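Colleague: I'll drop the sequence and a predicted model, then ask my questions.
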Amino acid sequence: MSDEEVLAFLEDQRTVTCATLGPRGWPHLMPMWYLLKDGEIWAWTYAKSQKVRNLERDSRATLQVEAGDSYEKLRGVMLECDTVIHRDTPAVQEFGEALFTRYAGNPATEMVAAQAPKRVVMQFAERRRVTWDHGKLGGVY
């Protein structure tokens with residue numbers, strides 16, 4: 001996929017799977033809602049979550065967003081990223097309100113304000129990208 005196709009695809013999808021390295025060295029995979037900011041995937045989670053603990057040890061994460069319900073329609077993006085964890089509560093709250101506006105249609109201000117002190121925002125800085133779009137194969141599979 002071209003850069004423009006990747007951006008349009010990521011804007012259209014709703015769930016990213018985040019892989020981090022767990023404490024025993026095994027991949028730890030978790031689905032998350034996300035926002036795009038300046039072309040990067042950003043997400044929020046509880047500060048005490050396993051994925052945050054993993055990222056505090058090793059900031060590398062692999063993200064995957066995929067779509068398609070049959071082989072010839074499979075499309076996806078896999079990103080190898082360095083992760084920055086943001087802990088500033090007002091910024092976390094602002095992000096949470098934007099996230100809930102995208103996914104629920106309203107900022108859920110009261111709930112997000114109560115959650116923000118317990119949460120962090122993760123910024124995923126892309127280092128390497130792999131994409132696929134089986135629709136471009138023209139039936140050759």
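Modeller: Ah, there it is. Numbering: from 1, shown residues only.
Colleague: all strands for this protein, in order.
Modeller: Assigned by DSSP state E, the chain shows strands spanning 16-21, 27-32, 35-37, 40-46, 60-67, 75-86, 119-133.
Colleague: Relative to M111, which of the ones you listed is closest?
Modeller: strand 119-133 (11.4 Å; C-beta to C-beta). Quick note: C-beta positions are derived from backbone N, CA and C, even for glycine.
Colleague: In that closest one, which residues are buried?
Modeller: 119-124, 131, 133 (16 or more other C-beta atoms under 10 Å).
Colleague: And for stretch 39-54?
Modeller: Buried residues in stretch 39-54 (16+ other C-beta under 10 Å): 40-45, 49, 51-52, 54.
Colleague: before we move on, what about stretch 64-79?
Modeller: 64-65, 74-79.
Colleague: shaky segments in this protein?
Modeller: Judged by pLDDT under 70, the chain has its weakly predicted residues at 141.
Colleague: Run through the neighbouring helices and strands of the biggest helix by length in it.
Modeller: For the chain, the helix with the greatest residue count under DSSP state H is helix 89-104. The contact analysis (3 or more C-beta pairs under 8 Å, 6 or more residues apart in numbering; DSSP states H and E) places helix 89-104 against strand 35-37, strand 40-46, helix 109-115, strand 119-133.
Colleague: E5 is nearest to which of these?
Modeller: strand 119-133 (7.5 Å).
Colleague: Looks like M32 contacts W42 (just checking).
Modeller: No: with contact defined as C-beta atoms under 8 Å, M32 does not count as touching W42 (10.0 Å).
Colleague: which among the buried residues of stretch 64-79 gets closest to E4?
Modeller: Checking the buried residues of stretch 64-79 one by one against E4 (C-beta to C-beta), the nearest turns out to be V77, at 12.7 Å.
Colleague: Contact partners for that closest one?
Modeller: Residues in contact with V77 (C-beta atoms under 8 Å, 6 or more residues apart in numbering) are 1, 6, 9-10, 63-66, 129-131.
Colleague: What is the most widely separated pair among the residues you listed?
Modeller: Going by C-beta to C-beta, the pair spanning those furthest: M1 and L63, at 14.8 Å.
Colleague: more crowded one of the two?
Modeller: Each of M1 and L63 has its neighbours counted (other C-beta atoms under 10 Å); L63 has more, 22 against 17.
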